[in-house]
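Provided below are the primary sequence and the corresponding predicted coordinates.
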Amino acid sequence: METCSWPGNNPIMQKYHDTEWCIPTTFEPYIFEMLTLEGAQAGLSWSIVLAKREAYQKAFNNFDISYCSTLTDNDLTHLREHYTVIKHAAKLKSVRSNAQAVLKIQEEFGSFSNFLWQYVDFKPLINHWDNEGQIPAQSALSIQISKDLKKRGFKFIGPVTMYSFMQAIGMVDDHVTSCPYHTLNKERKIIENGI
């Protein structure tokens, strides 16, 4: 079976592909982490962002949403100067404003996860791509979620970022069908091994 080729020979990218990408999650800090990292990626490569992931986790207290929502401008300046995060000031400020927006959604929907997963009826969309060239950069759904989040005050959540975010938290499975990590191949393996 041929795995997805996009991670290349980068071990961090390979690990992310094998253990996280397109795996459904409802864990709020992880969802917020992926929202932050995908927003930080805008205009950059994912490998650059993943290389800085540990610094982001330290800077933002493992993406504790309440903690991030209370960061002051001075705190953000400190993080920018003392951590190896992406130095884009507006992207760093968006961590605070997005955390504040997430807290409001949690109050209204019980969790950020509930709010997001309702868009796919709480079941991941399983795609069947023969090659990576077929995988879209955005979709009608990512456009819709982006619009809805913008109305709620979120930043750095354009339709392309949202589509990558949907992949990151497993709302879509975009592994190529030949990849052993595609949902159907994983299910087949479980059946064959009798687990």
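Good, I have the coordinates.

now the helices: where do they sit in this structure?
With helices called from DSSP state H, the chain shows them at 11-19, 28-41, 46-51, 53-59, 65-69, 73-82, 89-109, 112-117, 140-151, 159-168, 183-193.

Could you export those helices as a markdown table, including mean pLDDT, distance to Leu125 and mean neighbour count?
For the C-beta atoms, the positions are set from N, CA and C on the backbone; glycine is no exception. Converted to a markdown table, the helices of the chain look like this (pLDDT from 0 to 100; distance: least, CB to CB, whole Å; neighbours: other CB atoms under 10 Å):
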| stretch | mean pLDDT | distance to Leu125 | mean neighbour count |
| --- | --- | --- | --- |
| helix 11-19 | 97 | 18 | 14 |
| helix 28-41 | 98 | 17 | 21 |
| helix 46-51 | 97 | 21 | 16 |
| helix 53-59 | 98 | 26 | 16 |
| helix 65-69 | 98 | 26 | 17 |
| helix 73-82 | 97 | 35 | 13 |
| helix 89-109 | 98 | 20 | 18 |
| helix 112-117 | 98 | 11 | 20 |
| helix 140-151 | 98 | 8 | 16 |
| helix 159-168 | 98 | 8 | 22 |
| helix 183-193 | 71 | 10 | 12 |
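
of all those helices, which lies closest to Ile126?
Closest to Ile126 of those, according to CB to CB: helix 183-193, at 5.1 Å.

a markdown table for the helices of the chain, including distance to Glu132?
Converted to a markdown table, those look like this (distance: least, CB to CB, whole Å):
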| stretch | distance to Glu132 |
| --- | --- |
| helix 11-19 | 12 |
| helix 28-41 | 18 |
| helix 46-51 | 14 |
| helix 53-59 | 23 |
| helix 65-69 | 33 |
| helix 73-82 | 35 |
| helix 89-109 | 27 |
| helix 112-117 | 25 |
| helix 140-151 | 17 |
| helix 159-168 | 12 |
| helix 183-193 | 16 |
